[in-house]
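S.K.: after the sequence you'll find the predicted model.
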Amino acid sequence: MKILVCISNVPDTTTKITFTNDNTEFNTSGVQYIVNPYDEIALSRAIELTEGGKGTVTVINVGEAANDPTIRKALAIGADDAVRVNAAPRDAYFVAKQIAAYAKDKDFNLILTGRESIDYNGNQVAAMVGEFLDIPSVSIIKKLDIDGDNATIEREIEGGKEILTVSGKFIASCAEGVAEPKIPNMRGIMSARTKPLNVVDAVDAEAVTKVTKYETPAPRGTVKLIPADQTESLIDLLHSEAKVI
């Protein structure tokens, strides 16, 4: 089994987010980057599925050379090799186009992504890759089992669960529950230094989106605590100040 796992290079969750160039560009100064946590879940499941010589795991990232440390961490976690498409990721369409272009003639049995990246939270790439490659795409899965050429997938839906079976090649975006993220051990960290990291050129892709402005959330307001026995006062505030009723 050959599995391709798509990973994103995202700011650490403790990073203070600021913008430059009239709020049209993310300020990368002093930012610590990590493997997107949802992508780590996908990578961990791929490693589990190929343990014991059952297959190989390749990770792919669309980004510039500054992303290499993040890619090396994915190799330390357990991926066999890596590919970096040498281009700044403009948007989800551009990223999906690059992944599909690389994967189209590599005969991967399965492609996994995280449900979304924690910087843009778009949840778009997996579906787009599936469309470009003309293979089934299943979004936000909670469980994945493989038996030969057949996969059993579990998703959460409103009021219950949905269980699907898929035959042949497909792509899926993974959420919590698919696997526990793996922590690289010393052996993995050392071996990651010598594992292949191939750099390929990007293919042409038309620009379909443009950032006009970024905005940070409004500061949180003050909190009013209402004693539990003053329900009338609470209702009045919800009506007159919060204006939610």
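M.R.: Received the coordinates, thanks. These numbers come from a predicted model, not from an experiment.
S.K.: next, the buried residues of the strand or helix carrying Arg155.
M.R.: Secondary structure assignment for Arg155, by DSSP states H and E: strand 150-157. For strand 150-157, the neighbour count (16 or more other CB atoms under 10 Å) marks Ala151, Ile153, Arg155 as buried. (Each C-beta comes from the backbone N, C-alpha and C, glycine too.)
S.K.: same list, those, but as JSON lines with pLDDT please.
M.R.: Shown next, in JSON lines, are those (pLDDT from 0 to 100):
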{"residue": "Ala151", "pLDDT": "97"}
{"residue": "Ile153", "pLDDT": "97"}
{"residue": "Arg155", "pLDDT": "95"}
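S.K.: closest to Ala42 among these?
M.R.: Ile153 (13.0 Å; CB to CB).
S.K.: thinking again about what came up before, what's the first helix or strand after the strand holding Arg155?
M.R.: Next along the chain from strand 150-157, counting by DSSP H and E, comes strand 160-167.
S.K.: which residues touch whichever helix or strand comes after that following strand?
M.R.: Using DSSP H and E, the next helix or strand after strand 160-167 towards the C-terminus is strand 170-174. Residues from elsewhere that reach strand 170-174 (CB atoms under 8 Å, 6 or more residues apart in numbering): 38, 41-42, 45, 110-116, 123, 125-127, 129-130, 133, 135-141, 144, 151, 153.
S.K.: which SS state does Ala42 fall under?
M.R.: When classified by DSSP: H, G, I helix; E, B strand; the rest coil, Ala42 comes out as helix.
S.K.: could you pull out the helices in this structure for me?
M.R.: For the chain, the helices defined by DSSP state H cover 37-50, 68-77, 92-103, 125-133, 186-192, 231-240.
S.K.: how about those helices in a markdown table, adding mean neighbour count, mean pLDDT and distance to Thr18?
M.R.: As requested, the helices of the chain are exported to a markdown table (neighbours: other CB atoms under 10 Å; pLDDT from 0 to 100; distance: least, CB to CB, whole Å):
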| stretch | mean neighbour count | mean pLDDT | distance to Thr18 |
| --- | --- | --- | --- |
| helix 37-50 | 24 | 97 | 22 |
| helix 68-77 | 21 | 97 | 21 |
| helix 92-103 | 23 | 97 | 23 |
| helix 125-133 | 21 | 97 | 25 |
| helix 186-192 | 13 | 94 | 31 |
| helix 231-240 | 12 | 90 | 34 |
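S.K.: nearest to Asp201, out of these?
M.R.: Across the helices of the chain, closest to Asp201 is helix 92-103 (CB to CB), at 9.7 Å.
S.K.: distance from the chain centre to that closest one, please.
M.R.: Relative to its parent chain, helix 92-103 has a centroid offset of 14 Å by CA atoms, centre = their mean, to the nearest Å.
S.K.: returning to what we had before: closest to Leu4 out of the helices of the chain?
M.R.: helix 92-103 (5.7 Å).
S.K.: which residues sit against the closest one?
M.R.: 4, 6, 60, 62, 83, 85, 87, 89, 111, 120, 122, 124-125, 128-129, 132-133, 200, 202-203, 205, 207-209.
S.K.: excluding chain neighbours, what is closest to Pro11?
M.R.: Nearest non-adjacent residue to Pro11, counting by CB to CB, 6 or more residues apart in numbering: Val31, 5.1 Å away.
S.K.: so who does the one you found touch?
M.R.: Pro11, Asp12, Thr15.
S.K.: try 10 Å
M.R.: Val10, Pro11, Asp12, Thr15, Lys16, Ile17, Thr18 (CB atoms under 10 Å, 6 or more residues apart in numbering).
S.K.: the fourth one and Arg220, how far apart?
M.R.: Summarising the geometry, the distance separating Thr15 from Arg220, computed by CB to CB, to the nearest Å, is 18 Å.
S.K.: the more surrounded of these two?
M.R.: Thr15 (15 against 6; other CB atoms under 10 Å).
S.K.: quick one: contacts for that one?
M.R.: Thr28, Gly30, Val31, Gln32, Tyr33, Ile34, Asp119.
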